[in-house]
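Asker: coordinates for the following, if possible.
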Amino acid sequence: MTIRIKHPGGLSSSSFVINGTVAESPDGTRTSFTTPAVFVASTLQVYMDGVNQIPTTDFTESSASTGFTMTFAPDTDEVLRVCYIGA
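Answerer: From the prediction side, this is the model:
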């Protein structure tokens, strides 16, 4: 789900992605995943099977803010979801 908020006074709007999916499916070997859109650095939240993962402990954001790398490979039966502020 994407929510777009328009700021008063003519400021730019922001997109908040909630419960977004990633482009790739976990397969037990993949560790890199792509988000649906570019995000503002340090706003990415990753959830695996509903559990919030810890930045730098469980995942790191890509330098281009287009995805992330897990510190382990999620199994095929695990579900990844993301929340972030769109850039």
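
Asker: okay, and the beta partners of Met48?
Answerer: Under DSSP bridges, the beta-bridge partners of Met48 are Val51, Leu80.

Asker: how near is it to Met70?
Answerer: Separation of Met48 from Met70 (Cβ to Cβ, to the nearest Å) stands at 8 Å. (Each C-beta comes from the backbone N, C-alpha and C, glycine too.)

Asker: need the residues touching each of these two.
Answerer: Asp58 (Cβ atoms under 8 Å, 6 or more residues apart in numbering).

Asker: what's the nearest residue to Gly20 if we skip its chain neighbours?
Answerer: Counting by Cβ to Cβ, 6 or more residues apart in numbering, Val82 is the residue found nearest to Gly20 once chain neighbours are left out, at 4.6 Å.

Asker: surely that neighbour and Thr43 touch.
Answerer: No. The criterion here is Cβ atoms under 8 Å, and Val82 misses it with Thr43 at 10.2 Å.

Asker: could you point out which element follows the helix or strand of the chain with the lowest mean pLDDT?
Answerer: Least confident element among the helices and strands of the chain, by mean pLDDT, DSSP states H and E: strand 2-5 (a mean of 55). As assigned by DSSP states H and E, the chain's next helix or strand after strand 2-5 is strand 14-20.
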